[in-house]
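>>> From the sequence below, what's the structure:
(2 chains)
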Amino acid sequence: DGGITQSPKYLFRKEGQNVTLSCEQNLNHDAMYWYRQDPGQGLRLIYYSQIVNDFQKGDIAEGYSVSREKKESFPLTVTSAQKNPTAFYLCASSMQGTERIQFFGPGTRLTVL
Amino acid sequence: SQKIEQNSEALNIQEGKTATLTCNYTNYSPAYLQWYRQDPGRGPVFLLLIRENEKEKRKERLKVTFDTTLKQSLFHITASQPADSATYLCALLSGGYQKVTFGTGTKLKVIP
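Here you go, the predicted model:
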């Protein structure tokens, strides 16, 4: 089955620790995205990548980093510089082109203690 | 500044009625507008896309309208069912068709 996987579903970390969230897709999509969702705030774009070895900052990139070494994978690192990292993180992918319909993974809920 | 607004208050309707959700935007000139459904604790799922030159789009019990003059899209679910209860998000393309910007979503509850 084609789709996007994110792991783990729940993640707990101590304050000050970096943590990496996994995102893998087998849809053969070129573009991948990371969003953060907080209650009542909708989805906010963290980073996106149009192609392997290239990525751009979204609206709230501070305190986050990404890499895109393979087409299928777009891991997100939440660094200790992120002031309020507790949130629901969603990865998505889309085909290139003008419509950019987003296919989402199941999400990772990160709680920083 | 660019803004996408959806009713932040939950919408409660009786089963069988038509639910109408609103998406308003400012300082955008979107070529496409998308609607997604999100269930609690899960990722959004794409429902419908409407282009700027389309006034209306239908899919089964769903209907979307797009008024670029009013800068508004309406999302209708006819003959609503309790299984339609979810949060519905509208989204616009921006940034040279590279980024999708989401509204905050409207939570719909269909009461049996």
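>>> Output the lowest mean pLDDT helix or strand found in chain B.
strand B:99-102 (a mean of 88; mean pLDDT, DSSP states H and E).
>>> Could you list the paired strands of that strand along with their orientation?
strand B:86-94 (antiparallel) (DSSP bridges).
>>> then the strand it pairs with to CSV, C-alphas only?
Extracted in CSV, the C-alpha atoms of strand B:86-94 (Å, rounded to 0.1, in the frame of the first residue of the first chain):
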residue,chain,number,x,y,z
ALA,B,86,-14.8,16.0,12.1
THR,B,87,-12.8,19.1,11.7
TYR,B,88,-12.8,20.5,8.1
LEU,B,89,-9.8,22.6,6.9
CYS,B,90,-9.6,24.9,3.9
ALA,B,91,-6.2,25.5,2.3
LEU,B,92,-4.8,27.8,-0.4
LEU,B,93,-1.7,27.6,-2.5
SER,B,94,0.8,30.3,-2.2
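>>> Show me what the least confident helix or strand of chain B is in contact with.
A:33, A:35, A:42-45, A:48, A:58, A:94, A:100, A:102, B:2, B:4, B:34, B:36, B:89-94 (C-beta atoms under 8 Å, 6 or more residues apart in numbering or on different chains). In short, each C-beta sits where N, CA and C put it, glycine included.
>>> Now the buried members of the residues you listed.
Listed as buried from the contacts of strand B:99-102 are A:33, A:35, A:42-45, A:48, A:58, A:94, A:100, A:102, B:4, B:34, B:36, B:89-94; burial here means 16 or more other C-beta atoms under 10 Å in any protein chain shown.
>>> Enumerate the residues of chain A near chain B.
Selection of chain A residues close to chain B by C-beta under 8 Å from any C-beta of the partner chain yields A:4, A:31, A:33, A:35, A:40-45, A:48, A:50, A:56, A:58, A:88, A:90, A:92, A:94, A:97-107, A:109.
>>> The residue of chain B found nearest chain A - how many residues pack around it?
At 3.1 Å from chain A, residue B:43 is the closest residue in chain B, using C-beta to the nearest C-beta. For residue B:43, the count of nearby residues is 22 (other C-beta atoms under 10 Å in any protein chain shown).
>>> and the gap between it and residue A:64?
18 Å (C-beta to C-beta, to the nearest Å).
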